[in-house]
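Chemist: sharing a model prediction with you, sequence too.
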Amino acid sequence: MAFVSQLSASTVRHLSTTSVARAGQIHEMIVIGGGLMGAGIAQVGAQTGHKVTLVDLNQEVLDRSQARIQASIQRVAKKQFQGDPSAGETFVQSALANLQIATQPHAALATADLVVEAVVENLELKRKIFQEYDAIAPAKTIFASNTSSLPIGDIATATQRLDRFGGLHFFNPVPVMKLLEVIRIPETSDATFQAMLDWGQAMKKTTVKCQDTPGFIVNRILVPTMMEAVRMVERGDASTRDVDTAMKLGAGHPMGPFELADYVGLDTVKFILDGWHAKYPDQPLFKPSDMLNQLVDSGKFGIKSGEGFYKYEKK
Ligand SMILES: CCCCCCCCCCCCC[C@H](O)CC(=O)SCCNC(=O)CCNC(=O)[C@H](O)C(C)(C)COP(=O)(O)OP(=O)(O)OC[C@H]1O[C@@H](n2cnc3c(N)ncnc32)[C@H](O)[C@@H]1OP(=O)(O)O
Ligand SMILES: NC(=O)c1ccc[n+]([C@@H]2O[C@H](COP(=O)([O-])OP(=O)(O)OC[C@H]3O[C@@H](n4cnc5c(N)ncnc54)[C@H](O)[C@@H]3O)[C@@H](O)[C@H]2O)c1
């Protein structure tokens, strides 16, 4: 991350106290990673009146994120302001005015109350980013990861601010899914945890609290269910299509497990599965899946690449 190294420590004033942004006082936020999740988090932040800076590796990726955000805000406005297009347009324009994009975070980091990281599911990358941000962020800034499967504590120890570190786990698609899991590590201070919960409410999400336990709440239950679906197909018990149909019509899920995997992104699904297999090698459910590996090896990442378990029309 050359851009962070370019900063001299003296360009950003470090506060001498370790007080965090007070509860309900998170106004300025940085989202690192403008992919599926980061773009959604940035969008909802901007829609709910936060000053947001979205950071990614290059302008091309950021332009794609911005286009996705614009299209999604339009959908939200159409739904929320049915029959009042002028109010809808005001909503869209004020949300967009709250959103900046940047390949370098330093200007925003000088005053940020919160940094939410949503880069690819790779522990070393997340640790490296947080270590670099920690050296230049003010003391008040709370750091949080949107990781699906990595222990928050393993990411947080790259920083000197364990008391101001937590997990903020959103669900895909962020503008639609109402849940936010708020995770604390043993060192997270009560003030930090409360600030994250209050922020979740300001983001108009329903928050649930969880300790730093594998998969938090949803993925602890969802991942084994999805893996059981893979094992069924591998054994030849049923087809992917029939498993999906069964779970939608018989269990009331909006998407079947293979549709959901394509929606999440098979590259991300593989990161999660490989990580859990490395951590729990004796758990047969998390053993690598040839079916999944072959798709990822051939660049079939699901909806985002146009093909995964199913084929999709390019948007
Ligand atoms: C099996 C393979 C391998 C398994 C390996 C195991 C590894 C497991 C990996 C686990 C991954 C975990 C990932 C993460 O940590 C946790 C998650 O996020 S899990 C995912 C959670 N999400 C879901 O479960 C989504 C379920 N699906 C739905 O709810 C719906 O299908 C949908 C996505 C909302 C889409 O609904 P549809 O009705 O199909 O489609 P519409 O287009 O009509 O949309 C409905 C409604 O929503 C609005 N909308 C949809 N998308 C957006 C958007 N991006 N922005 C704004 N608005 C959106 C749309 O306008 C519609 O509104 P309406 O018109 O109805 O008012
Ligand atoms: N996809 C989901 O359904 C989902 C749901 C909840 C949580 N998550 C978690 O959210 C995180 C992001 O997942 P995603 O699906 O948005 O991934 P994604 O691949 O869509 O996006 C990741 C983004 O990170 C950017 N990036 C990579 N390295 C970077 C760096 N050094 N600095 C800045 N940006 C960088 C990439 O360019 C990309 O735009 C992962 O930890 C994932 O586990 C994913």
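Modeler: In hand now; what should we look at? Numbers count the residues shown, from 1 in each chain. Ligands and ions are numbered 1, 2, ... in the order given.

Chemist: show me the strands in this protein, by range?
Modeler: Assigned by DSSP state E, the strands in the chain fall at 28-32, 51-55, 99-102, 114-117, 142-145, 165-170, 179-184, 206-211.

Chemist: show me how far the second one is from its chain's centre.
Modeler: Right, the one you point to is strand 51-55. Offset of strand 51-55 from its chain centre (CA atoms, centre = their mean, to the nearest Å): 14 Å.

Chemist: same check on stretch 235-246?
Modeler: The answer for stretch 235-246 is 29 Å, by CA atoms, centre = their mean.

Chemist: list the buried residues in it.
Modeler: Buried positions in stretch 235-246, judged by neighbour count with 16 or more other CB atoms under 10 Å: 240, 243-244, 246. Where you see a C-beta, it was placed from the backbone N, CA and C, and this is true even at glycine.

Chemist: just name the closest of the residues you listed to residue 65, please.
Modeler: The closest of the buried residues of stretch 235-246 to residue 65 turns out to be residue 244 (CB to CB; 28.9 Å).

Chemist: per-residue pLDDT, the closest one?
Modeler: With respect to pLDDT, residue 244 has a value of 98.

Chemist: who's in contact with it?
Modeler: Residue 244 makes contact with 255-259 under the criterion CB atoms under 8 Å, 6 or more residues apart in numbering.

Chemist: what's the local residue count around the closest residue to it other than its chain neighbours?
Modeler: Counting by CB to CB, 6 or more residues apart in numbering, residue 244 lies nearest to residue 256, which is 2.4 Å off, once chain neighbours are set aside. Applying other CB atoms under 10 Å, we find 23 other residues in the vicinity of residue 256.

Chemist: make 45 the starting number, not 1.
Modeler: Sure, I'll start counting at 45 from here, so that last one is residue 300.

Chemist: quick one, phi/psi of residue 300?
Modeler: phi -80, psi 170 (degrees, to the nearest 10).

Chemist: that one and residue 331, how far apart?
Modeler: According to CB to CB, to the nearest Å, residue 300 stands 22 Å off from residue 331.

Chemist: and residue 122, by the same measure?
Modeler: Distance of residue 122 to residue 331, given as CB to CB: 45 Å.

Chemist: can you check residue 134 too?
Modeler: From residue 134 to residue 331 the distance is 53 Å (CB to CB).

Chemist: equivalent analysis for residue 355, please.
Modeler: 27 Å.

Chemist: likewise residue 270?
Modeler: Counting by CB to CB - residue 270 and residue 331 are separated by 14 Å.

Chemist: repeat for residue 284
Modeler: Relative to residue 331, and taking CB to CB, residue 284 is found at 18 Å.
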